[in-house]
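Asks: show me the folded form of this:
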Amino acid sequence: MNPSLGSPGTPAGGLDLEVVWVGTGTAADFAGRDVKGKAVLIHSIPAPGSMGHSAAYERAMARAFEKGAAAIGVVYGISDNFAIWQGLGRAGEGTPAQQREITTPGFFIGFQDGKVIRDLIGAGQSVKLKMKVSVEHKDGLSSSNVWGTLPGATDENIIVLAHQDGYYEASLDNASGQSVMMTLLDYFSQVPKQQRRRSITFVATAGHHVGSPGTRWMHDNRATVLAKTALMINCEHVSVSDTKYWNGTLRKANVVAPRRWWINGSEALFGTVLKSYATFGVGLIADMDPNASGDMGVVAKDVPSIQIIRSPVTKHTDDDKPEWVPAAGLEAVARAYARIIDEVNKLDRSQLTAAVRTTSRAPQ
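Replies: Predicted coordinates for the structure are as follows:
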């Protein structure tokens, strides 16, 4: 069991509450239910990843607040027992400051634990929750973005991003991205400076999960910081095993899951990027995302930019472990990104931004 992100503390003596099961927390599930002063337990279905679970998009948590629940618990998933780290805001997200506005203590538990409680209630038994949460807020703390530059032959640059914060072991989110970024750094550091047309600036951003101050700062200062940027590449949860739910278990496949993708730029950039992905077997969802997401979202339209990203059900959970991150997927992405940098360095900046794209579908 995890306290929710931004959960307020309980009274010193804790809470002793009756537990009410409300299914997925739709309006129909709450109809005729008196939950005021009780602990509400909601079953949240991943759809398809941890950033899109049903308790958020069905407004289940907000509905529990509105109906006076004294505590809110969310059972995450439909198999296994992942412990997820999220907030109880209306979207299940938010910065610590936004989550502090929540006045109802909350928690997340895994499916198997939640199923035990559900079945007890289903059998007609009364279930009580004893809950005690102590919270301390510390202001004035800071973390640092890490910048490193391989100088090139001109004053233009390519920026490679990877956020450095994460939950639990954070193997996918975002050790996988950090791994690709460091591989690119190692590879291009062995290329003589005079053969690198543009400098490559590597940025490990801090605080992505609390508002991404690194890329927000770039966006706010884009007229100067990004004035000479030819391309931005985001390295963020880039390789994870594909999965299949089967008989109450999340089963791992022996292939890398296809990624969502984003390109902002010219037809020449589109062609270069998609050919590079195809060359090294980087699997993609057919249609491009309408917007960039993750750490690059706020800055993606300021310069030519690319990313691939995958958000599986294990992301932000205690099951984000190395065994979910295939080395073959990391290698394929690193090779593709290296080729993209080499090919982009053959093009002028005007060739990367001038033309409007005519397609947003990956080749079949």
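
Asks: alpha carbons only for contacts and neighbour counts from here, please
Replies: OK.

Asks: if I look at the residue nearest to Leu250 when sequence neighbours are not counted, how far off is Val273?
Replies: In space, and not counting its chain neighbours, Leu250 is closest to Lys244: 5.8 Å by CA to CA, 6 or more residues apart in numbering. Going from Lys244 to Val273 by CA to CA, to the nearest Å gives 29 Å.

Asks: between these two, which one's more packed in?
Replies: Between Lys244 and Val273, Val273 has the larger neighbour count (other CA atoms under 10 Å), namely 23 against 10.

Asks: for the more buried one, which non-adjacent residue is closest in space?
Replies: Ile340 (6.0 Å).

Asks: cool, and Lys321?
Replies: Leaving out its chain neighbours, the residue that sits closest to Lys321 by CA to CA, 6+ apart is Ser171, at 5.1 Å.

Asks: next structured bit after the host helix or strand of the residue nearest to Val273?
Replies: Remark: Ile340 resides in helix 327-344, with elements defined by DSSP states H and E. Sequence-wise, the next helix or strand beyond helix 327-344 is helix 349-353, with elements assigned using DSSP H and E.

Asks: show residues contacting that next one.
Replies: 230, 265-269, 304, 344 (CA atoms under 8 Å, 6 or more residues apart in numbering).

Asks: ok, so of those residues, who is nearest Asp289?
Replies: Asp289 has its nearest neighbour among these in Gly265, at 14.0 Å by CA to CA.

Asks: go through stretch 201-215 and flag the buried ones.
Replies: Using 16 or more other CA atoms under 10 Å as the test for burial, stretch 201-215 gives 201-209, 212-215.

Asks: picking up where we left off before, could you list every helix and strand in contact with the helix holding Ile340?
Replies: With contacts defined as 3 or more CA pairs under 8 Å, 6 or more residues apart in numbering; DSSP states H and E, helix 327-344 has these neighbours: helix 177-189, helix 267-279.

Asks: hmm, back to that, okay, the buried residues of stretch 201-215 in a markdown table with secondary structure next?
Replies: Formatted as a markdown table, those follow (DSSP: H, G, I helix; E, B strand; the rest coil):
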| residue | secondary structure |
| --- | --- |
| Thr201 | strand |
| Phe202 | strand |
| Val203 | strand |
| Ala204 | strand |
| Thr205 | strand |
| Ala206 | coil |
| Gly207 | coil |
| His208 | helix |
| His209 | helix |
| Ser212 | coil |
| Pro213 | helix |
| Gly214 | helix |
| Thr215 | helix |
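
Asks: most widely separated two among those?
Replies: Thr201 and His209 (22.0 Å).

Asks: which residues touch Ile341?
Replies: Ile158.

Asks: how deep is Ala12 tucked in, by neighbour count?
Replies: Neighbour tally, Ala12, other CA under 10 Å: 9.

Asks: domain map for this structure?
Replies: 2-131, 146-353 (automatic domain parsing).

Asks: from what I see, the residue nearest to Val273 and Leu274 are in contact.
Replies: No. Counting by CA atoms under 8 Å, Leu274 is not a contact partner of Ile340; they are 9.3 Å apart.

Asks: re the thing from before, out of the domains of the chain, which is closest to Arg361?
Replies: domain 146-353 (4.6 Å).

Asks: what about that closest one, how long is it end to end?
Replies: So domain 146-353: terminal residues 28 Å apart, CA to CA.

Asks: now it: mean pLDDT?
Replies: Mean pLDDT, computed over domain 146-353, is 94.

Asks: tell me which residues touch the closest residue in space to Glu156 that isn't next to it in sequence, please.
Replies: Closest residue to Glu156 apart from its sequence neighbours, by CA to CA, 6+ apart: Lys228 at 4.7 Å. Contacts for Lys228 (CA under 8 Å, 6+ apart) come out as 155-157.

Asks: by neighbours, which of those wins?
Replies: With neighbours taken as other CA under 10 Å, the top of the contacts of Lys228 is Asn157, carrying 25 neighbours.

Asks: doesn't Val225 make contact with it?
Replies: No. Because the distance of 10.4 Å does not satisfy CA under 8 Å, Asn157 is recorded as not touching Val225.

Asks: okay, Pro3: pLDDT?
Replies: pLDDT, Pro3: 87.

Asks: what sits against it?
Replies: Counting by CA under 8 Å, 6+ apart, the residues that Pro3 touches are 85, 105-108, 133.

Asks: distance of it relative to Gln194?
Replies: 53 Å.
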